Each structure stands twice: as structure tokens, then as C-alpha cells.
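Trainee: turn this into a structure:
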Amino acid sequence: MYWMTLFLNHEKGKITMSKELEKQSEELEQTLAKQLEILKRESEDWLKIAAVVGAGALLTYAIVKTTRKKKAEKTHLAMEVLEKEGLLNEDIKKRLTETKKSRFWPSLSERLLILGLALAKDKIYSAIFSSPSSEQETKSE
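Mentor: Residues are numbered from 1 along each chain as shown. Okay, here's the model as predicted:
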């Protein structure tokens, strides 16, 4: 009889354990679904940021390419005029075609770019590391 009660209690334990495991698996599935939903929302934001950065890079590339092409054309025309006049020597040709060396202080546009990147980084970090309750409070206000 003792062995029979042990066996029945053991079977009941299996049933309760399987129910607990089912509950845990359901909770884990719900948690995973919530995490995937959050990941989708956050990835949309990152995709928008990446699109803006990509568009900015393409625009910058196009501007730099056109300004360099214009400068090269002007330099070429100036060299032709100097050559016709007989004033073109190696020193002048070198000065016109040589790239300018970098300066110690960056230009204003580079400083503004660095400032913009720092502000964007701060905003992104604050959005990532802020708690969800504070986001809901700001949305409700």
C-alpha cells in the first residue's frame, strides 16, 4: 500500500509539473512576442535613421563631386589660358593641380557635422536607455 501511494503521488507530481511547465512555456512565448514587437518598433526607428544618413551621404557625395568637377574645369581652363600666353611654368602648374594640405583647425562645416552627430548620439542613447514608463508619461502629457 505504501508503494501504491508513493506511485500515485509521483504521478500527481508529474501532472502538476507538466502544468507548471506549460504555464512557463506560455509565459515565455508571451515574453518573446512582446520582445519581438518592441524590436520591430525600434528597428523602424533605426531604419528611418539609416535612410536619413544614407540620403545625406548621397547628397554630400553629389555636391562634392560637382564642386570638384567645376573646380577641375576652371583649373584646366586657367592652365590653357596661361599656356597660350606663355606664362605657364612647372611651379604654377604644380600649384594649380596640387591638392591643398589639411589645416590644423577644421572648417566650420566639419565642426557643425561633429556637433550634429554628438546631438543625434545623445538623443538616440536617451531613447534607448530610457525606461518604458517614462516614455508613456511623456506621451500622455
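
Trainee: what's the longest helix in this protein?
Mentor: With residue count as the measure and DSSP state H as the assignment, the chain has helix 2-85 as its longest helix.

Trainee: state the number of residues packed around residue 78.
Mentor: Applying other Cβ atoms under 10 Å, we find 13 residues neighbouring residue 78. For every residue, glycine as well, the C-beta is placed using N, CA and C.

Trainee: surely it meets residue 93?
Mentor: No: under the criterion of Cβ atoms under 8 Å, residue 78 lies out of contact with residue 93, with a separation of 10.4 Å.

Trainee: quick check: angle from the next helix or strand after the longest helix of the chain to helix 2-85?
Mentor: Read in the C-terminal direction, the helix or strand following helix 2-85 is helix 90-97, with elements assigned using DSSP states H and E. Computed by axes from the mean of the first three to the mean of the last three Cα atoms, to 10 degrees, the angle separating helix 90-97 from helix 2-85 equals 140 degrees.

Trainee: report all helices and strands that helix 90-97 contacts.
Mentor: Contact here means 3 or more Cβ pairs under 8 Å, 6 or more residues apart in numbering; DSSP states H and E; on that basis helix 90-97 packs against helix 2-85.

Trainee: check which helices and strands the longest helix of the chain sits against.
Mentor: Taking 3+ Cβ pairs under 8 Å, 6+ apart as contact, the helices and strands that helix 2-85 lies on are helix 90-97, helix 108-129.

Trainee: I'd like the distance from the first one to the chain centre, please.
Mentor: Distance, stretch centre to chain centre, for helix 90-97: 42 Å (Cα atoms, centre = their mean, to the nearest Å).
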